[in-house]
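> prediction below, plus the sequence it came from.
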Amino acid sequence: MRLPDPIQTYFEAQSPQNKDTLAAAFTPDAVVRDEGNIHRGPDDIRRWWREAKQKYRHHAEPLDVAEAAGKTVVRARVSGDFPGSPAILSFTFRLAGDRIAELEIG
């Protein structure tokens, strides 16, 4: 499966080594929606990602990808230290050029 480069970077990043590489995949005004919270900009996104990796020790394995209404939707099997693991989650990305402008996880 071929994912756009910034989305591939998102799924390949490992904490804490790649937190800056991950943050650079997002636009300066990017927004992430996850677990009922909104995270804005690279610093907030870096912090959210690092804290989630520490808390859940999770890994997401992309299963399939689809394009819908200008967005890229990746279904992934997420395994980690959380109830119901593994779970199938949808990662909905909106790209702006070669970077992620929006991500919603649900």
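Cool, the structure landed. Just so it is clear, the model here is predicted, and its values are computed rather than measured.

> going forward, measure contacts between C-alpha atoms and count neighbours the same way
Fine.

> list the helices and strands the longest helix belonging to the chain packs on?
Ranked by residue count and defined by DSSP state H, the top helix of the chain is helix 41-56. With contacts taken as 3 or more CA pairs under 8 Å, 6 or more residues apart in numbering; DSSP states H and E, helix 41-56 sits against helix 19-24, strand 26-34.

> report the angle between the longest one and helix 41-56.
Calculated by axes from the mean of the first three to the mean of the last three CA atoms, to 10 degrees, strand 26-34 forms an angle of 40 degrees with helix 41-56.

> now strand 26-34: mean pLDDT?
The average pLDDT within strand 26-34 is 97.

> run the chain-centre distance for it.
Relative to its parent chain, strand 26-34 has a centroid offset of 10 Å by CA atoms, centre = their mean, to the nearest Å.

> same deal with stretch 88-104?
Worked out by CA atoms, centre = their mean, stretch 88-104 lies 7 Å from the chain centre.

> list the buried ones in the longest helix of the chain?
Neighbour-count burial for helix 41-56, counted by 16 or more other CA atoms under 10 Å, picks out 41, 42, 44, 45, 46, 48, 49, 50, 53.

> which SSE is immediately downstream of that helix?
Counting by DSSP states H and E, the next helix or strand C-terminal to helix 41-56 is strand 59-68.

> helices or strands up against the helix or strand bottoming out on mean pLDDT in the chain?
In the chain, no helix or strand scores lower on mean pLDDT, DSSP states H and E than helix 19-24, which sits at a mean of 86. For helix 19-24, the contact count by 3+ CA pairs under 8 Å, 6+ apart identifies helix 5-12, helix 41-56 as packing neighbours.
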